[in-house]
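1. sequence first, predicted model second:
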Amino acid sequence: MTALPSAIHLEVEALYRAHHGWLHGWLRRKLGCAHYASDLAHDTFARLLDREEPIEAREPRAFLTTVAQRVLYNHWRREEVERAYLEALAQVPEALAPSPEEQTVLLETLCEIDKRLDGLPVIVKRAFLLAQLDGATHAEIAATLDISLATTKRYLVKAAAQCFFAL
């Protein structure tokens, strides 16, 4: 027995049929690559399928542009994190380098941490990363960032709360 499509699925299907070609073209112009445009157009509609409330967009293209811009921003952020990770990995001796599987897991973890820390001030993120990735003590972080020990602790609590308790 097949399940009936939900209202959101029907709404996304209608948006897809009417605007997928336009959205793909818009993304292709932004990215300069038809393959990435296809992937991100797919991700845009997949994000819409995850919604629980109806879309009811009065201006469907403006709505799709907003959602696609968020997907595009996440794509660029991931590329930035991946580039930084690969640069750091290039500094590791080959004998100590993680396996390709471990590299994939590490990159996914870094991207998830980056996403969860989004919106925090740079100095708060930096304090958290110094503690978590470099193993720096509170005193070392305070000295590195030229802040008080109390501020260091406050920043770490703020970042940890956002990172660990994000839904």
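-> Here it is on my side, so go on. Numbers count the residues shown, from 1 in each chain.

2. how about the closest residue to residue 123 other than its chain neighbours, what does it touch?
-> Spatial nearest neighbour of residue 123, chain neighbours left out: residue 145 (6.1 Å); criterion: CB to CB, 6 or more residues apart in numbering. Backbone N, C-alpha and C define where each C-beta goes, glycine included. With contact set as CB atoms under 8 Å, 6 or more residues apart in numbering, residue 145 has these partners: 123, 126, 127, 130, 152.

3. swap the cut-off to 10 Å and go again
-> Going by CB atoms under 10 Å, 6 or more residues apart in numbering, residue 145 touches 123, 124, 126, 127, 130, 136, 151, 152, 155.

4. closest to residue 36 out of those residues?
-> Within the contacts of residue 145, the smallest distance to residue 36 is 30.2 Å, found for residue 126 (CB to CB).

5. neighbour-wise, which of the contacts of residue 145 leads?
-> Within the contacts of residue 145, neighbour counts (other CB atoms under 10 Å) peak at residue 127, which reaches 27 neighbours.

6. buried ones in the helix or strand containing residue 86?
-> According to DSSP states H and E, residue 86 maps onto helix 60-90. Buried positions in helix 60-90, judged by neighbour count with 16 or more other CB atoms under 10 Å: 60, 63, 64, 65, 67, 68, 71, 72, 74, 75, 78, 81.

7. need those in JSON lines with distance to residue 112, can you?
-> Formatted as JSON lines, the buried residues of helix 60-90 follow (distance: CB to CB, whole Å):
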{"residue": "60", "distance to residue 112": "31"}
{"residue": "63", "distance to residue 112": "27"}
{"residue": "64", "distance to residue 112": "26"}
{"residue": "65", "distance to residue 112": "26"}
{"residue": "67", "distance to residue 112": "21"}
{"residue": "68", "distance to residue 112": "22"}
{"residue": "71", "distance to residue 112": "16"}
{"residue": "72", "distance to residue 112": "19"}
{"residue": "74", "distance to residue 112": "12"}
{"residue": "75", "distance to residue 112": "15"}
{"residue": "78", "distance to residue 112": "10"}
{"residue": "81", "distance to residue 112": "10"}
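
8. what residues does residue 23 make contact with?
-> 15-16, 37, 40-41, 44-45, 60-61, 64-65, 67-68 are the contacts of residue 23 under CB under 10 Å, 6+ apart.

9. from those residues, which two are the most distant?
-> 37 and 60 (18.3 Å).

10. and the helices in this protein?
-> For the chain, applying DSSP state H gives helices covering 7-31, 34-49, 60-90, 100-117, 122-132, 138-145, 149-164.
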